[in-house]
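S.K.: Sequence plus the predicted model coming up.
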Amino acid sequence: MSRPRDADDARRGIWALVPIKSFDAAKERLAGMLDADERRALMLAMARDVLTALSGSRRLAGVLIVSRSPETDDLAESFGTARFAESPGIDLPGALAEAAGHAARHHRAEGVFIVPADVPLVGAHEVDALLEQHRQVTLLPDRNRVGTNGLILSPHDAIELVFDGKSFGPHLERARAAGIDPAVVADGGFALDVDTPRDLGRLLQLGPDTETGLFLNRAGIAGRLPGGIPTSNS
């Protein structure tokens with residue numbers, strides 16, 4: 001994908017990295033509620049929502065799907081982007097570091113925007129607003145300020161990556177240790193990542209017209225959520 005304002009921006013701007021593991025192994029914490037086919041379809045819908053947002057950005061120079069799974073090639077083709085296959089057996093931080101280095105070497109990327117594939121509420125305008133205000137390190141925590149649901153780095157190796165489910169604090173500390181005052185942007189579409197039935201309920205409340213929300217209703221999953229859809233005060 002490339003939608004440059006000019007040729008230099010396309011080569012040297014910020015590239016989004018979207019890590020996607022095998023769809024067959026996706027969202028195992030939902031296994032008590034969704035069968036394997038439903039979890040696979042859910043992951044695909046969320047990934048499409050994320051890639052739609054990134055594809056609509058006017059400020060990104062490009063997007064790389066980070067995955068060793070060939071089944072993500074169809075996604076890459078649909079959105080006019082490419083797949084980067086990390087080294088076998090490497091963990092998520094290592095895979096993202098490899099992809100970031102690849103973007104810097106082969107696409108002259110000045111920075112990277114790491115975006116998980118399970119934040120379906122993000123939108124193109126939000127992505128552009130974040131890039132507009134970004135300087136060196138921008139952290140997007142989950143709503144509990146425990147995990148990292150988005151991370152913008154300039155340059156691509158400004159800090160060492162963590163991504164262990166509790167990475168917001170460590171990322172904050174590593175930025176400060178590097179002499180960087182990171183921007184922290186809470187709330188917004190990046191605050192909700194989907195891991196539990198409650199997350200599905202919040203997604204239906206906040207984004208019923210997303211591809212993910214439409215899938216949950218179409219597949220009958222919405223009606224199986226325990227306790228119904230939470231109210232805005234929950």
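M.R.: Sure thing, it's come through.

S.K.: Now do the helices in this protein.
M.R.: For the chain, the helices defined by DSSP state H occupy 7-12, 36-55, 73-78, 92-107, 124-133, 168-177, 197-206, 211-218.

S.K.: Would you mind listing the buried residues in the fourth one?
M.R.: If I follow you right, that is helix 92-107. By neighbour count with 16 or more other CB atoms under 10 Å, helix 92-107 contains the buried residues 92-93, 95-100, 102-104, 107. Quick note: C-beta positions are derived from backbone N, CA and C, even for glycine.

S.K.: from the helices of the chain, which stretch is densest packed?
M.R.: helix 36-55 (a mean of 21; mean count of other CB atoms under 10 Å).

S.K.: which other helices and strands contact that one?
M.R.: For helix 36-55, the packing partners by 3 or more CB pairs under 8 Å, 6 or more residues apart in numbering; DSSP states H and E come out as strand 14-19, strand 62-66, helix 73-78, helix 124-133, helix 211-218.

S.K.: now do 7 Å
M.R.: strand 14-19, helix 124-133, helix 211-218 (3 or more CB pairs under 7 Å, 6 or more residues apart in numbering; DSSP states H and E).

S.K.: Name the residues that touch that helix?
M.R.: Helix 36-55 has contacts (CB atoms under 7 Å, 6 or more residues apart in numbering) with 1, 16, 18, 20, 23-24, 26-27, 30, 34, 60, 63, 75, 79, 115, 117-120, 122-124, 127, 194, 210-212, 215, 219, 221.

S.K.: Any idea how far it is from the middle of the chain?
M.R.: On the basis of CA atoms, centre = their mean, to the nearest Å, helix 36-55 sits 11 Å off its chain's mean C-alpha point.

S.K.: Now do that helix against strand 14-19, angle only.
M.R.: 180 degrees (axes from the mean of the first three to the mean of the last three CA atoms, to 10 degrees).

S.K.: Just want the angle from helix 36-55 to helix 124-133.
M.R.: 50 degrees.

S.K.: what's the angle from helix 36-55 to helix 197-206?
M.R.: Put simply, helix 36-55 runs at 50 degrees to helix 197-206, going by the same axes, to 10 degrees.

S.K.: before we move on, the earlier item: nearest to Leu140, of the buried residues of helix 92-107?
M.R.: Leu96 (14.7 Å; CB to CB).

S.K.: if we can go back for a sec, tell me which of the helices of the chain sits nearest to Gly189.
M.R.: helix 124-133 (5.4 Å).

S.K.: So which elements touch the closest one?
M.R.: helix 36-55.

S.K.: what is the mean pLDDT for the helix it packs on?
M.R.: Averaged over helix 36-55, pLDDT sits at 96.

S.K.: returning to what we had before: any chance of the helices and strands packed on helix 36-55 in TSV, with mean pLDDT too?
M.R.: As requested, the helices and strands packed on helix 36-55 are exported to TSV (pLDDT from 0 to 100):
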stretch	mean pLDDT
strand 14-19	98
helix 124-133	97
helix 211-218	97
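
S.K.: With respect to Ser154, which of these lies nearest?
M.R.: Going by CB to CB, the one of the helices and strands packed on helix 36-55 nearest Ser154 is strand 14-19, 6.9 Å.

S.K.: So what's the gap between that closest one and the chain middle?
M.R.: 8 Å.

S.K.: neighbouring contacts of that strand?
M.R.: Under CB under 7 Å, 6+ apart, the answer for strand 14-19 is 50-51, 54, 60-67, 92, 95-96, 99-100, 103, 107, 109-117, 131, 152, 154.
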